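Undergrad: Sequence plus predicted model, see below.
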Amino acid sequence: EVAVTQSPSNGTNRRTPHPAPEKRGTTLHTVVSGGAGFLGSHLCEALLDRGDSVTCVDNLVTGREGNLSHLRQNPHFSFVRVDVTDREAINLALSGLRVDAVAHLASAASPPDYHRIPLETLRVGSRGTENMLELANGHGARFILASTSEVYGDPQVHPQREDYWGNVNPTGPRSVYDEAKRYAEAVTSAYGRTRGTNVGIARIFNTYGPRMRAIDGRVVTSFIAQALNGDALSIYGDGSQTRSFCYVDDLIRGLIALLDSSHSGPINIGNPSERTVASLAELIVALSGSDSDIEYFPLPTDDPTRRKPNIDLAMSALEWMPRVGILQGLKQTIAWFAGRPDEVRDAAPF
Ligand code: NAD
């Protein structure tokens with residue numbers, strides 16, 4: 001099924017109906033796959049804010065139309081409900097449109113999601129990525145892939161630089177996601193090398209912020225929902241494992257910098273300030289004004305113990321670095337969830 005809403009016609013999508021971004025002197029039409037998701041919706045919004053036009057393609061398997069409701073009135077925005085693994089449907093939905101750039105974010109991303117739809121996750125990373133590469137290639141458009149720090153698996157090198165090849169279990173439960181992304185990187189690189197497609201790969205590290213789902217099983221959202229509900233915060237393992245958390249606005253600036261460049265990557269985009277999961281839990285309890293306890297559970301299979309990006313390449317090639325500290329980012333995220341008490345309550349265990 002292809003439901004097209006507000007699709008820009010050939011005419012409206014041609015150049016300069018709106019102010020041009022400073023650098024280029026011209027507007028771009030970007031196709032954002034996975035644009036109804038957490039990161040994708042922020043990317044659509046940021047591109048529209050600078051005057052570009054955007055078509056979001058998404059099958060809503062983990063995304064929400066509500067993430068886009070504030071964009072629907074924008075004449076430079078359109079939403080197409082379509083599965084990116086279906087090439088005919090994609091071609092049909094986008095036929096006649098000029099495409100300057102493709103940002104491929106479509107993929108289940110949180111562990112509960114990709115465990116629920118493992119084969120679909122492999123397919124969107126493989127066939128879905130190929131379809132979006134074909135789209136970009138056919139239009140001579142810039143293509144960027146939202147890859148992940150999960151390609152490093154449980155890293156034996158710390159912090160992770162882009163030239164580290166990773167330590168991934170190819171058959172474990174997480175492999176449906178990790179290996180799909182590794183394949184997506186491989187096919188993206190091959191299009192760049194053999195077809196001359198203008199490709200870029202972003203390796204995104206843990207990102208948080210408004211529009212995450214309270215039930216997405218990621219550590220920040222789980223802790224916030226538990227703290228706001230007054231439930232105990234669940235730590236898997238002894239809490240000494242570290243993560244680095246990037247606020248969504250920083251991440252989106254990095255993705256746009258990569259989109260605007262011709263750098264092929266892979267480029268790490270994340271916040272290198274590292275924290276233990278236990279200290280994150282304590283911070284969230286304090287910022288939520290909650291009196292929740294902390295409970296410890298066994299560590300799941302293949303859960304990486306340390307994760308921290310080396311962002312030297314992003315700093316030099318994209319002139320990018322994160323600006324939002326954890327206190328400010330968590331405050332904004334907690335405030336957003338506090339404004340959605342029903343969603344937060346629904347995340348509580350029975
Ligand atoms: P999300 O689940 O909120 O968004 C993913 C979007 O992709 C959803 O809207 C979903 O409906 C859509 N989608 C999935 N399969 C599709 C298909 N076959 N056809 C069309 N649409 C499809 O996840 P997110 O956190 O916004 O992640 C976005 C991208 O960034 C993903 O590719 C993810 O792997 C990557 N990433 C995210 C993080 C993070 O911390 N959020 C970290 C590393 C990488």
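TA: Perfect, thanks for sending it.
Undergrad: In stretch 59-72, which residues are buried?
TA: Across stretch 59-72, burial judged by 16 or more other Cβ atoms under 10 Å covers 59, 61, 62, 63, 67, 68, 71. Every residue, glycine included, has its C-beta placed from N, CA and C.
Undergrad: Those residues: which two are farthest apart?
TA: The widest separation within those, taken as Cβ to Cβ, falls between 61 and 71 and amounts to 19.7 Å.
Undergrad: and stretch 208-221 with the ligand, contact?
TA: No: in terms of Cβ under 6 Å from any ligand atom, no part of stretch 208-221 sits within range of the ligand; the closest distance is 7.0 Å.
Undergrad: What about the buried residues of stretch 59-72, which are in helices?
TA: Among the buried residues of stretch 59-72, no member falls in helices (DSSP state H).
Undergrad: And the pLDDT for residue 12?
TA: With respect to pLDDT, residue 12 scores 30.
Undergrad: Surely residue 221 forms part of a strand?
TA: No: according to DSSP: H, G, I helix; E, B strand; the rest coil, the state of residue 221 is helix, so it is not within a strand.
Undergrad: Spatially, which residue comes closest to it, not counting chain neighbours?
TA: Using Cβ to Cβ, 6 or more residues apart in numbering and skipping the chain neighbours, the partner closest in space to residue 221 is residue 212 (4.9 Å).
Undergrad: what do you get for residue 105?
TA: Take residue 105 and drop its neighbours on the chain: the residue closest to it by Cβ to Cβ, 6+ apart is residue 34, 3.5 Å away.
Undergrad: For the ligand, see how far away that neighbour is.
TA: Relative to the ligand, residue 34 is positioned 3 Å away (Cβ to the nearest ligand atom, to the nearest Å).
Undergrad: Buried residues, the longest helix along the chain. List them.
TA: In the chain, taking DSSP H as the definition, the longest helix is helix 175-190. Under the neighbour-count criterion of 16+ other Cβ under 10 Å, helix 175-190 has 175-182, 184-185, 187-189 buried.
Undergrad: Next secondary structure after it?
TA: Using DSSP states H and E, the helix or strand that follows helix 175-190 towards the C-terminus is strand 198-204.
Undergrad: on that earlier part again, for the buried residues of helix 175-190, work out which two are farthest apart.
TA: Among these, the pair separated by the greatest distance (Cβ to Cβ) is 176 and 189, at 20.9 Å.
Undergrad: what residues are up against residue 79?
TA: 5, 6, 35, 36, 55, 56, 58, 65, 68, 72 (Cβ atoms under 8 Å, 6 or more residues apart in numbering).
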